[in-house]
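Q: missing the sequence, but the structure's below:
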């Protein structure tokens, strides 16, 4: 089969590799019909996530058709159309039982390695480094899905792939980011980063009752995409002083909640950004927390900072003193996608949201390396790349 | 006016504090102190031979400093680096001291009821699945079990153990190696109710008396992290089998590495042989063997020897 293979920093290629096979009784093989490039794939592409190995297959946003099931998979049949959540979860551990699926105790075969880095191991993730289990990803023609009796969501309606594909990651991720803000009717929510997750966080905040959403980015096309609702204001942080603008929008109180939908490769301005770049280049820190610092600084006293943007290691100069003295609540983590699959599918089926609004580029799997290039460099007003596989 | 008893107590307390302070300041080992005095004296004497006034002062100061360091037993550089050579020597001394038993303990919560966990653990065939390095277990005529293990680098060895206690009431299983075995190993696995009836707390312990005196002690202590890893990994596998009913694996999965190693790409769409035929194709034997091996490893049995699903 063809698959997108990681060969090193900024070097991904479509290679022919052996087809996947069932390795456990709870596995299924899915013939991928649609797959997408996620903003967090860019961290792998740019070489910021450790424990990648040459030859790893990328991709954790995908859906397709079941072509083979293991002996213990009773809820799926060959021919079923499924969306697969990006975290892999066993369904039987303490965390799965408590709806904390991305913290599954049993799905990461390299738990010992993750424990050394994080203290405890999070769940395995498709195509997201050996720290997260080393599973082959879904930017391929076929993919092996472990614990297939727990994760995949059957799509029984005739909704197009483009409308349901993002249930695998970015829609639930944006939704959980907004839900973590504990939004009260009329609240003001600031969202840093208007990439796909930021866009879904904005939509979700409005679904959850926010009275005003402030979208922050530096790309006019992304801000324009966010500004499709009269309740959304936008700030281009390259044009104004961000902190002053946020205080102005909220009459000096600060946003009730701030969402950092940027993560470890944040862009910024001024000497602090240069300092972060130098430290990251010299491997003295792994992540650039520019958006996180801004969120903590801007958020109103007693507010919530929610972090759906991915962080992998260590950050420097994080204003914990501000977070402490303003009594902020910080909420974060990989998305518990399984928790949101059915409710969010319902919102799509009800027509309350059409997730395909974020797609800017439609390619085939063969064009995946080009997709990575334009998405990473934000060329051609690229917001989201979706790739169809041709079987 | 304080009485005599109070005065003595006060004096003793002051003396104790002074001792503690003095002791706290010492961070240079006794042997190193003598070396420091000797070296300092040598450098100070060397200073007299130097013509340059600057060199004389520099060497005298260095030598004097080393002598002072040796006499008082305190080194400000060590203090700033939080180093105490007395402790370093003590730690090094332990490695070469008479062997002391090594103990490893780990505890884990498993989201299964106590009776189920204990029933599983009481069968050696099940525990064989839990210990990654175990290849097979044989029951010997004299009541011992022979465990065939594979260590790092494929090194194979066996170990005979006997179950010394299997207390169903206390949910405790203890075991030890043969009394005259080259490596004296013992351990236990105990289960108790966790925070609720759905949860069991499992504690595993491994103890070992290092053989071969000082050399064995050195070897055993240097491999302690491996033993800790072995116990932690075994408990994790126990939890995976009981909670997830299988061991998560990526062994044998496809990748770009597999592609570069083998030119034989089995492709679903290109293959003209039907899927049913392909499953019986000899070319797939290796793949099936792998699948079977993984599946076999996660089958576990109840007390009647039936496979549980």
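A: Looks like it arrived, so ask away. Bear in mind that the values here come from a model prediction, so they are computed numbers and not experimental data. Residues are numbered from 1 along each chain as shown, chains lettered A, B, ... in the order given.

Q: what's the spacing between residue B:196 and chain A?
A: 10 Å (Cβ to the nearest Cβ, to the nearest Å). In short, each C-beta sits where N, CA and C put it, glycine included.

Q: Helix, strand, or coil at residue B:173?
A: strand (DSSP: H, G, I helix; E, B strand; the rest coil).

Q: Now do the contacts for it.
A: B:121, B:122, B:163, B:165, B:166, B:167, B:188, B:189, B:190 (Cβ atoms under 8 Å, 6 or more residues apart in numbering or on different chains).

Q: Which members of these are classed as buried?
A: Buried members of the contacts of residue B:173, scored by 16 or more other Cβ atoms under 10 Å in any protein chain shown, are B:121, B:122, B:188, B:189, B:190.

Q: Pull the contacting residues for the first one.
A: Looking back up the chat, that one is residue B:121. B:127, B:173, B:189, B:191, B:202, B:238.

Q: Just the ones in helices from these, please.
A: B:127, B:238 (DSSP state H).

Q: avg pLDDT for stretch B:180-197?
A: The average pLDDT for stretch B:180-197 rounds to 89.

Q: That stretch: which residues count as buried?
A: Neighbour count says stretch B:180-197 has B:184, B:185, B:186, B:187, B:188, B:189, B:190, B:191, B:194 buried, by 16+ other Cβ under 10 Å.

Q: Between the two ends of it, what distance do you get?
A: 42 Å (Cα to Cα, to the nearest Å).

Q: by contact count, what packs against the particular helix or strand that has residue A:214 in it?
A: Residue A:214 belongs to strand A:212-217 when assigned by DSSP states H and E. Here strand A:212-217 touches strand A:188-192, helix A:196-207, helix A:220-226, strand A:232-236, helix A:242-249, going by 3 or more Cβ pairs under 8 Å, 6 or more residues apart in numbering or on different chains; DSSP states H and E.

Q: quick one: which of the buried residues of stretch B:180-197 sit in strands?
A: Per DSSP state E, strands hold the following members of the buried residues of stretch B:180-197: B:184, B:185, B:186, B:187, B:188, B:189, B:190, B:191.

Q: ok, the last one touching residue B:171?
A: Yes: in this structure residue B:191 lies within contact range of residue B:171 using Cβ atoms under 8 Å: 4.1 Å.

Q: Can you name the element that comes right after the worst-scoring helix or strand of chain A on mean pLDDT?
A: Within chain A, no helix or strand scores below helix A:270-281, which has a mean of 85 by mean pLDDT, DSSP states H and E. For helix A:270-281, the following helix or strand on the C-terminal side (DSSP H and E) is helix A:290-298.

Q: Contacts for the helix or strand that that following helix is followed by next, please.
A: Using DSSP H and E, the helix or strand that follows helix A:290-298 towards the C-terminus is strand A:304-307. Residues outside strand A:304-307 that contact it (Cβ under 8 Å, 6+ apart): A:177-178, A:180-182, A:256-260, A:263, A:292, A:295-296, A:299, A:323, A:328-333.

Q: Contacts only, for residue B:117.
A: B:110, B:191, B:200, B:202, B:242.

Q: Now residue A:95: which helix or strand?
A: Counting by DSSP H and E, residue A:95 is found in helix A:94-97.

Q: Do any residues in the following helix or strand past that helix lie close to chain B?
A: Using DSSP H and E, the helix or strand that follows helix A:94-97 in sequence is helix A:111-118. Yes: shown here: helix A:111-118 in contact with chain B (Cβ under 8 Å from any Cβ of the partner chain) through A:111, A:112.

Q: So what touches helix A:111-118?
A: Contacts of helix A:111-118 (Cβ under 8 Å, 6+ apart): A:51, A:105, A:108, A:120-122, A:130-132, A:313, B:229, B:232-233, B:236.

Q: This completes my enquiry, with thanks.
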